[in-house]
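Peer 1: sequence first, predicted coordinates after that:
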Amino acid sequence: DQQVKQNSPSLSVQEGRISILNCDYTNSMFDYFLWYKKYPAEGPTFLISISSIKDKNEDGRFTVFLNKSAKHLSLHIVPSQPGDSAVYFCAAIGTNSGGSNYKLTFGKGTLLTVNP
Amino acid sequence: ETGVTQSPTHLIKTRGQQVTLRCSSQSGHNTVSWYQQALGQGPQFIFQYYREEENGRGNFPPRFSGLQFPNYSSELNVNALELDDSALYLCATTGGGFIDSPLHFGNGTRLTVT
């Protein structure tokens, strides 16, 4: 059973427009959420995170929104740039799940392509 | 530049063999986790080590084992390799205080089992 779901395998947008990547989760114990970006032949790199006590977190062009009642989060990238083209993973963790166990549960990822 | 180094970058093994993958931790990071990323999937948590002891494990059989050394570097060992073990294996480290120090991943080892 997939506890973190990214239902769109791919997304294509024009440079300068907004990219919206979506993520749904089923485990109500998750209380911290992260987005990672992955280029080919590289490991995932941390992008932005949000705690369940917030509904929005912003960092430059990147904003993450959390709708806890709907168990849904989204990553907005504005404006999108060709260098943003990568696979984006949504990940979740229950910080009270047991001490310092940093087990992240990942979605399958969404391939974002930003066209010049 | 993440500071997490994995070796080798690519590896081809035969079913039934054993393999050891290595990870050098980013400076000051005392916690290391290993993830398996199969083709078309997100990374899946294998286990985590803190101060040389395993302190968390995902849904992987005992033939997946690990070590963490006093310098915080780590090994992932897989015995009796199966075809389904073919995947990208990612090492990730953190210095603790997870909220302020998200996991930093290495570039991974691509394992192919034939």
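Peer 2: That came through, no problem. Numbers count the residues shown, from 1 in each chain, chains lettered A, B, ... in the order given.
Peer 1: give the contact list for B:V32.
Peer 2: Going by Cβ atoms under 8 Å, 6 or more residues apart in numbering or on different chains, B:V32 touches B:C23, B:S25, B:Q48, B:Y49, B:Q68, B:Y72, B:S74, B:C91, B:A92, B:T93. Where C-beta positions appear, they are placed from N, C-alpha and C, glycine not excepted.
Peer 1: get me the contact residues on chain B for chain A.
Peer 2: Neighbours of chain A within chain B, by Cβ under 8 Å from any Cβ of the partner chain: B:2, B:4, B:31, B:33, B:35, B:40-45, B:48, B:50, B:55-56, B:58, B:90, B:92, B:94, B:96, B:98-99, B:102-108.
Peer 1: show the buried residues in those.
Peer 2: Buried by 16 or more other Cβ atoms under 10 Å in any protein chain shown: B:2, B:4, B:31, B:33, B:35, B:42-45, B:48, B:50, B:56, B:58, B:90, B:92, B:94, B:98, B:102-108, out of the residues of chain B next to chain A.
Peer 1: and of the contacts of B:V32, the nearest to chain A?
Peer 2: B:Q48 (6.2 Å; Cβ to the nearest Cβ).
Peer 1: identify the bridge partners of the closest one.
Peer 2: B:S33, B:G56 (DSSP bridges).
Peer 1: that one contacts B:F60, correct?
Peer 2: No: assessed by Cβ atoms under 8 Å, B:Q48 is found out of contact with B:F60, at 11.9 Å.
Peer 1: can you pull out the low-pLDDT segments for chain A?
Peer 2: In the prediction, chain A carries residues with pLDDT under 70 at positions A:96-101.
Peer 1: what residues does it put near chain B?
Peer 2: A:4, A:6, A:32, A:34, A:36, A:41-46, A:49, A:51, A:89, A:91, A:93, A:95, A:98-109.
Peer 1: 7 Å - rerun?
Peer 2: A:32, A:34, A:41-44, A:46, A:49, A:89, A:95, A:99-104, A:106-109 (Cβ under 7 Å from any Cβ of the partner chain).
Peer 1: ChimeraX command to pick out the buried ones of the residues you listed?
Peer 2: This is how ChimeraX selects the buried members of these, with burial counted by 16+ other Cβ under 10 Å:
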select /A:32,34,43,44,46,49,89,95,100,101,102,103,104,106,107,108,109
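Peer 1: narrow the residues of chain A next to chain B to those in strands?
Peer 2: Among these, DSSP state E puts A:Y32, A:L34, A:F46, A:S49, A:F89, A:F106 in strands.
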